[in-house]
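A.B. asks: sequence plus predicted model, see below.
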Amino acid sequence: MGVGASLAGRPWWRSHLRRQEVLVAYLFVLPWIIGFVVFTAGPILVSFILSFTHYKIITPATAAGLDNYTAMIRDRNFWQSLRVTTYYTFGSVPLNVAVGYLLALMLNQKIKGLSFWRTTFFMPSIVPILAVSYLFAWIFNPNIGLVNGLLRQVGIHGPEWFSSREWVIPTFIIMSLWGVGGGMVLYLAALQGVPTALYDAAKADGANAWRRFYHVTLPMTSPVIFFNFLMGLIGSFQVFASAFFVTAGGPANASLFYVLYLFRNGWEYFRMGYASALAWVLFLIIMAATLVTFKLSGGLVYYESSEN
């Protein structure tokens, strides 16, 4: 081994270049690392600490131990927000998955104006939530809204929708379908990725359209269905803007979503410690729901093996 070689048998100049490449790579990543520490990891750590304190923003925080967490057990609004959010989750997530998948199946056919229809169903999903909220507040207005106006034309007296304790959450579930186009695009990509050879083999075995769908299409697209279901599940626990703008939690807390109640505690009641505790409980709920979903999906989701 020559004098210019390193102990590992690599020329010194190559090791030097390698170290320079690593240094340059870290310099490029550094802005993201700083942003993550300052705006994500830091606030997460601070919120965890604040969840064990009484903190009203304008006064110094004082230690509270587990008081914030034990207070939730006696907090009726906490349980109400959990019931409202769970109700919404069980109604909106399966419905969004089913409607998005059906739309993708229809728009995967050879029909006239296919690009137009795909764009039409996708565009609503990128409309800002504020605009969507005010649009649906008008559509479901009991007096001058479009829906009740159409119902009156056929002799039906429509419900109060957002102003009704019984109808407010079903109305939010209907409203959630406005953004179904986002998942539809992923379903379309999955449907177009199914190998045609599998359909040909199924036809050769005498499988009709339903059997081809059940034994080929569904298994091959099940990873995307599972992904959209999981993302919808996580998102359904974080509803805030639509409830804040349209109903503000009413009527009589019938639409008091969990994150809306968290916001109220932090920025209306100035109970920042309690709001932080609510945020960590929400994190645990979402994590538990995610783990249960993964566990239950074990035999339902098909993953292609990389083994030959």
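C.D. replies: Ah, there it is.
A.B. asks: any chance you could map the helices in the stretch 101-250 of the chain?
C.D. replies: In the stretch 101-250 of the chain, helices defined by DSSP state H, counting those that start in this stretch lie at 114-122, 129-139, 146-153, 168-176, 181-192, 196-204, 209-212, 218-236, 241-246, listed in chain order.
A.B. asks: name the helices or strands packed onto the first one?
C.D. replies: Applying 3 or more C-beta pairs under 8 Å, 6 or more residues apart in numbering; DSSP states H and E, one finds that helix 114-122 makes contact with helix 181-192. C-beta: built from backbone N, CA, C; applies to glycine.
A.B. asks: by how many degrees do the helix it packs on and helix 218-236 diverge?
C.D. replies: Angle of helix 181-192 versus helix 218-236, following axes from the mean of the first three to the mean of the last three C-alpha atoms, to 10 degrees, is 160 degrees.
A.B. asks: what residues are up against the nearest residue to I144 once chain neighbours are set aside?
C.D. replies: Excluding the flanking residues, the one nearest I144 by C-beta to C-beta, 6 or more residues apart in numbering is W138, at 7.5 Å. Under the criterion of C-beta atoms under 8 Å, 6 or more residues apart in numbering, the contact list for W138 reads I144, G145, L146.
A.B. asks: go on, M184?
C.D. replies: M184 is in contact with G100, Y101, L103, A104, L107, F121, F122, counting by C-beta under 8 Å, 6+ apart.
A.B. asks: give the helix, strand or coil label for the first one.
C.D. replies: What it means is G100. Three-state call for G100 (DSSP: H, G, I helix; E, B strand; the rest coil): helix.
A.B. asks: center of this structure - which residue?
C.D. replies: G235 (2.5 Å; C-alpha atoms, centre = their mean).
A.B. asks: ok, that one to F245 distance?
C.D. replies: 17 Å (C-beta to C-beta, to the nearest Å).
A.B. asks: and if you look at V301?
C.D. replies: For V301, the distance to F245 - C-beta to C-beta - is 36 Å.
A.B. asks: I'd like to know which of the helices of the stretch 101-250 of the chain is closest to P31.
C.D. replies: P31 sits nearest to helix 218-236 of all those, at 27.3 Å, using C-beta to C-beta.
A.B. asks: what comes up buried for that closest one?
C.D. replies: 220-222, 224-226, 228-236 (16 or more other C-beta atoms under 10 Å).
A.B. asks: try stretch 130-149
C.D. replies: Neighbour counts over stretch 130-149 (16+ other C-beta under 10 Å) mark V132, S133, F136, A137, I139, F140, N141, P142, G145, V147, N148 as buried.
A.B. asks: right, and the fourth one touches F244 too?
C.D. replies: Put plainly, it is A137. No - using C-beta atoms under 8 Å, A137 is not in contact with F244, being 11.9 Å away.
A.B. asks: picking that back up, from the contacts of W138, which is closest to T53?
C.D. replies: G145 (45.4 Å).
A.B. asks: tell me how far the residue nearest to the closest one when sequence neighbours are not counted lies from F162.
C.D. replies: Distances taken as C-beta to C-beta, 6+ apart put I139 closest to G145, at 5.5 Å, once the chain neighbours are dropped. Using C-beta to C-beta, we find I139 at a distance of 10 Å from F162.
A.B. asks: same check, this time on P60
C.D. replies: According to C-beta to C-beta, P60 stands 41 Å off from F162.
A.B. asks: higher neighbour count, those two?
C.D. replies: More crowded of P60 and F162, by other C-beta atoms under 10 Å: F162, with 24 against 8.
A.B. asks: hmm, K203 is touching R211, no?
C.D. replies: No - with contact defined as C-beta under 8 Å, K203 does not reach R211; the gap is 9.9 Å.
A.B. asks: got the contacts of W138 as JSON lines, with pLDDT and distance to L82 columns?
C.D. replies: Shown next, in JSON lines, are those (pLDDT from 0 to 100; distance: C-beta to C-beta, whole Å):
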{"residue": "I144", "pLDDT": "92", "distance to L82": "34"}
{"residue": "G145", "pLDDT": "93", "distance to L82": "30"}
{"residue": "L146", "pLDDT": "94", "distance to L82": "33"}
